[in-house]
Each structure stands twice: as C-alpha cells, then as structure tokens.
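[1] Okay, sequence plus prediction incoming.
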Amino acid sequence: MRIGLIFYGLPRSTEFTQPSITKYIINEFKSQELFIESCFSYQTSIVNPRSKENCKLASSNYDFFNQYSHSFIEADTLQDDLLHHNLLKFGDFWKDDGFSLRNLLIQLATIKTAYLNCKKNDCEFYIFARPDLFIDDFIPFREFISRNKDRHAIMIPSWQWWEGGVNDRFAVATKSAAEIYAHRYDQVLQYCEKKNSLLQSEKFLYDQLKANHIRIKTCHTKMIRVRASGQFWNEDFSSIQSMGGCKRAFFAQINQINKLQTIIGLLKLMTEWIKTVEGGFLLNFFRK
C-alpha cells in the first residue's frame, strides 16, 4: 500500500500541531507505506484581519516538514492577478477586498503543486492536511482504505459544512478522487462562470465532488485550528449549527466510515435537534 501525505497552505503553529500530526497521521502507517510531500506559502509574517492574526512567523514552523520532500511558493509572486481580478467580478464572499479570496487561491495552488510532486510515487490513496490543525482523536484511515480500494471516494470531517458545502481542511481520497480534489485551482474561474456566482471554498468543493460523482464518506475526528499566536480556535463541532440544518447533518452522520461513530453521531444529532425545537421534542411531535 502506498499512501501520499500532502501538507499545504501555511504552517503557522507547528510546535502545537506537530505532536498530534505525528501521533494520529504519520504513526498510523509504516514508513515504507507513506510518501510525505509539502508545499507551502513561504512567509516571514502574517497579517490576516479575518483570523485576527498580525505577527511574525518563525522559520522553525517549517523545520518539521523540511525533513520530508518539500517545496515553497512565494506568496507575493504566486498571485495570479488576472485570475483574482476575474473572480472578484462575481463577488467577494468574505467582503474583505479580495484578501481571503487571494489566500484561498494560494491554498489551492499549494495543494496542486504538492500533489503533482507526490503523484510521481504512484500512490493508491492520498491524505490532504493543513499543517495548522491540532488533531484531537483517532482517524479511521484503515477502514476507509479497506472499503474503498476500487472506488471513486473521499473521506472528510462531518462538521462545519458551511454555506451548503463540505469541510475543506482535511481529506482522505482514493487515487481518482485525489485528482479532482487537487486540481480545484484549475477549475475556479470556469466554476464561477458556469454558476454565475461568487467563489466560496466549502461550497466549491462540494459542487466539484458531486459533479464528478465522488462518493462522500465522513469521520467525526475533531481538528482544531491553531493560530500563529498559539491560540486554539473555538471550533463549532455541532452537527446542526455547523452543517446548515438537520438534513445535511443527517447525511454526514449516516455516511460515517465507522458504524459506531454513526450511531454515536445520530444520537448526538437527535439530542441537538431536541434542544433546538421550540417547546421540546415531545410537545411538537404530538402537535403534528
């Protein structure tokens, strides 16, 4: 079995995230099974009004990943100004003068670059992970791999499917699904032109998966973003609130790769639903 592990984006808090990455991803596989590749935006500082980050970035953030095959892109030279300009014609979802849109393009470009480098190893499955995620629990890699060897499938977290999309921070993909996941950068303008709509990252990913008939499986492993300051972000792991409603939350739970997690997830979903129904579950049930 050959597994490609791809890190992308910007490492900003490696001293906090590296132990969990090693424990819950790297140590889950034999060294000869895993082919690790990274591509990062190289920055010495970060200024991001949306995440409230404004500080210098220590070069040590890159050290852990530099022991493996790696590459860098300069954020200032990467920006495809024409693409960015054309995408902004359809609107700015984050309403920050295109700042977050530019960051999304950089992220998608690093995914593509790392994937193309890793693809040379002819891996059967690929793991895509942001380096700023603190992983809080076991990830059911083996279950997904054993059940999807010959399928067009992807496993993603079952929380925070914002704006009718799916979580875009972590994924485990079969070989064919990885091609779609990794080449989203090439599809952004065509997507907006076809939809006549602005670009939103989670919705864009969901639409690409569905358009290419990729089976979506889920896991409920909690992953927490750690900011450059070392702050652990207050994530929303609830099913209903972060999924955009009961129907989508139910879909995410029944597609859990682990049956026990499906049962637990459905019970939690029922509990959340009861709490959100005005007047309580039993009263509203009998009203119907």
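    Received the coordinates, thanks. For clarity, every value in this text was computed on a predicted model and none was experimentally measured.

[2] Would you map the helices across this structure?
    14-24, 63-66, 75-78, 81-88, 99-118, 141-147, 175-182, 188-195, 201-211, 239-243, 246-254, 259-276, 281-287 (DSSP state H).

[3] Of all these, which one is nearest residue 124?
    With CB to CB as the criterion, residue 124 lies closest to helix 175-182 of these, at 5.7 Å. Yep, even glycine has a C-beta here, placed from its N, CA and C like the rest.

[4] And that closest one, what's buried?
    Buried residues in helix 175-182, counted by 16 or more other CB atoms under 10 Å: 175, 177-182.

[5] Residue 134: what's it in contact with?
    16-17, 20, 223-226, 232 (CB atoms under 8 Å, 6 or more residues apart in numbering).

[6] 7 Å - rerun?
    16-17, 20, 223-224, 226, 232 (CB atoms under 7 Å, 6 or more residues apart in numbering).

[7] okay, those in JSON lines with pLDDT next?
    Shown next, in JSON lines, are the contacts of residue 134 (pLDDT from 0 to 100):
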{"residue": "16", "pLDDT": "97"}
{"residue": "17", "pLDDT": "98"}
{"residue": "20", "pLDDT": "98"}
{"residue": "223", "pLDDT": "96"}
{"residue": "224", "pLDDT": "96"}
{"residue": "226", "pLDDT": "97"}
{"residue": "232", "pLDDT": "95"}
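
[8] farthest pair in those?
    16 and 223 (12.6 Å).

[9] So the two - more neighbours on which side?
    A direct count of neighbours by other CB atoms under 10 Å for residue 16 and residue 223 places residue 223 higher, at 25 against 16.

[10] what's across from that one in the sheet?
    On the basis of DSSP bridges, residue 223 is bridged to residue 135.

[11] So which residue is smack in the middle of the chain?
    Residue closest to the mean C-alpha point of the chain, counted by CA atoms, centre = their mean, is residue 169 at 1.6 Å.

[12] which residue sits closest to that residue, ignoring its sequence neighbours?
    residue 130 (5.2 Å; CB to CB, 6 or more residues apart in numbering).

[13] Other residues contacting the longest strand seen in the chain?
    Longest strand in the chain by number of residues (criterion: DSSP state E): strand 34-42. Contacts with strand 34-42, where a contact means CB under 7 Å, 6+ apart, come from 2-11, 26, 62, 65, 68-75, 106, 110, 113-114, 117-118, 121, 123.

[14] filter these to the buried ones?
    Looks like the contacts of strand 34-42 have 3-11, 62, 65, 69-70, 72, 75, 106, 110, 113-114, 117-118, 123 buried, using 16+ other CB under 10 Å.

[15] helices and strands of the protein: which one bottoms out on pLDDT?
    Ranking every helix and strand in the chain by mean pLDDT, DSSP states H and E puts helix 281-287 at the bottom, with a mean of 33.

[16] give me every residue that touches residue 230.
    13, 16.

[17] how deep is residue 1 tucked in, by neighbour count?
    13.
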